[in-house]
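[1] can you look at this prediction? I've put the sequence above it.
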Amino acid sequence: MELVLLPNENLVQRISVEKVHPTAPLVACDFYIAGIEAGQEVPGGFQLGRILNIDHHAASASMARTVSSTNLAIDRVRQCGLPAPESRVVITHTDCDSVLSTAIMLGRVPPEDIFGEAAIAADHTGAENPIADLLQGLQPHRDFELSLRNLTLLLQGSPVDLLAEEALNERQRKREQASHVAARFQQEGSLFYLALEEDTDSEFFPSLLPDAALILVAMPKPHDSRYSYMKLRLGTRAESGFSINDLNVNSFDPGYGGRWNAGSNKRNGGTLMTIEHYVEALSRNLECWQTAQA
């Protein structure tokens, strides 16, 4: 099997993936393909034509849970085996989940639970995990072989490359920074919120705020502080079956977009709302949802 790295675009069209090869089976790992839900739901994701999309971003009820693409790849290989040798495996980025799901589909690492746990730590909880921290740290290099080589060294208990060691140190620095920031969060019920002066890595907050069901971080838009970027994430205390989509955030912030467990209004320029007004609107919509469930 051959690996192909495509540009990391916000929205990938089916035709962009099909151009990788005119006839070969295509396995797209850890990125959403527009309209993939029109295909057949199969073990590990969706099949549309000759594209198998191993990805947890689809707008499907089956993906609205604590699952990452690596977990889907593990399930796929356990149930169906590896793709055909002539397949092309396609990725757009090289974070933890992308590297692991791809390596599993290529047969370069076994479909073991330890890798699924690392992907959940990277994508959902932000908890410390040596595999997740290594691969997340190496993500900016966009070098699959670099990441996989150092993963092998880590699993063997051997020293990683100097570049990987530096990436791990930077990852730990960011975690410590997030830990200091976490102490400043305010609380409105199970909603934890904070206005920051600059962007920070919010992926660590679910593990640092174990009592939060919903986490809101605001930061000023660069060059125009009248506007604020708002980032939302589900916390670990969120009720089973609850989704950020249930809050109907677009009813008060038309620029918001995202998945069931995370999103922001950054792509659409932010909002003029203060964080206090944003919290009020979120709390009001959350109360409406809770009343509807009673």
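    Cool, the structure landed. Residues are numbered from 1 along each chain as shown.
[2] who's in contact with the nearest residue to Ser190 once chain neighbours are set aside?
    Spatial nearest neighbour of Ser190, chain neighbours left out: Ala213 (3.7 Å); criterion: CB to CB, 6 or more residues apart in numbering. Just so you know, the C-beta spots here come from the backbone N, C-alpha and C atoms, and that holds for glycine as well. Residues near Ala213 by CB atoms under 8 Å, 6 or more residues apart in numbering: 190-191, 234-235, 237-239, 242.
[3] and the contacts of stretch 43-51?
    Outside stretch 43-51, the residues that touch it by CB under 8 Å, 6+ apart are 14, 17-18, 23-28, 33, 35-40, 52-55, 58, 60, 69, 72-73, 75-76, 79-80.
[4] first-to-last residue distance for stretch 227-241?
    32 Å (CA to CA, to the nearest Å).
[5] start at 26, not 1
    Noted, 26 is the first residue going forward, which turns the last one into stretch 252-266.
[6] buried sites along that stretch?
    For stretch 252-266, the neighbour count (16 or more other CB atoms under 10 Å) marks 252-261, 263 as buried.
[7] coming back round to it: which one among the contacts of Ala238 gets closest to Pro136?
    Comparing those against Pro136 with CB to CB places Leu259 closest, at 26.6 Å.
[8] what's opposite that closest one in the beta bridge?
    Beta-bridge pairing for Leu259 (DSSP bridges): Leu239.
[9] ok, the least confident helix or strand in the chain by mean pLDDT: who's next to it in the sheet?
    Of the helices and strands making up the chain, the lowest-confidence element is strand 282-283, at a mean of 86, by mean pLDDT, DSSP states H and E. In the sheet, strand 282-283 lines up against strand 287-289 (antiparallel) (DSSP bridges).
[10] show the subsequent helix or strand relative to the strand it pairs with.
    helix 300-318 (DSSP states H and E).
[11] same for that following helix, what does it pack against?
    Packed against helix 300-318 by the contact rule (3 or more CB pairs under 8 Å, 6 or more residues apart in numbering; DSSP states H and E) you find strand 216-220, strand 239-245, strand 253-259.
[12] could you dump these to a markdown table with mean pLDDT?
    As requested, those are arranged in a markdown table below (pLDDT from 0 to 100):
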| stretch | mean pLDDT |
| --- | --- |
| strand 216-220 | 94 |
| strand 239-245 | 94 |
| strand 253-259 | 92 |
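[13] one step back: can I get the buried part of the contacts of stretch 68-76 as one PyMOL selection?
    One line in PyMOL is enough to select the buried ones among the contacts of stretch 68-76; burial here means 16+ other CB under 10 Å:
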select buried, resi 39+42+43+49+50+51+52+53+58+61+62+64+77+78+79+80+83+94+97+98+100+101
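[14] the contacts of stretch 68-76 in strands, which ones?
    Here DSSP state E is the test, and those give 51-53, 65, 77-79 as lying in strands.
[15] ok, those vs Leu31, which is closest?
    Ala53 (8.8 Å).
[16] quick one: that closest one and Gly64 touch, right?
    No - in this structure, Ala53 is not within contact of Gly64 by CB atoms under 8 Å, at 11.4 Å.
[17] identify the contacts common to the two.
    Common contacts of Ala53 and Gly64 (CB under 8 Å, 6+ apart): 76, 78.
[18] quick revisit: nearest to Glu27 among the buried residues of stretch 252-266?
    Nearest to Glu27 out of the buried residues of stretch 252-266 is Arg258 (CB to CB; 35.6 Å).
[19] and that closest one, what does it touch?
    227, 230-231, 239-240, 286-287.
[20] which single one of those residues is nearest to His205?
    The shortest approach to His205 among these belongs to Phe230, at 12.1 Å (CB to CB).
[21] just checking, Ile269 touches Gly288?
    Yes - when contacts are counted by CB under 8 Å, Ile269 is listed as touching Gly288 (6.2 Å).
[22] between the two, what contacts are shared?
    Common contacts of Ile269 and Gly288, defined by CB under 8 Å, 6+ apart, comprise Leu257.
[23] more neighbours: those two, which one.
    The neighbour count for Ile269 versus Gly288, taken as other CB atoms under 10 Å, is higher for Ile269 (21 against 18).
[24] any idea how far the residue nearest to the spatial centre of the chain lies from Val29?
    With distances taken as CA atoms, centre = their mean, Asp148 lies nearest the centre of the chain, 4.3 Å away. Using CB to CB, to the nearest Å, Asp148 is found at 23 Å from Val29.
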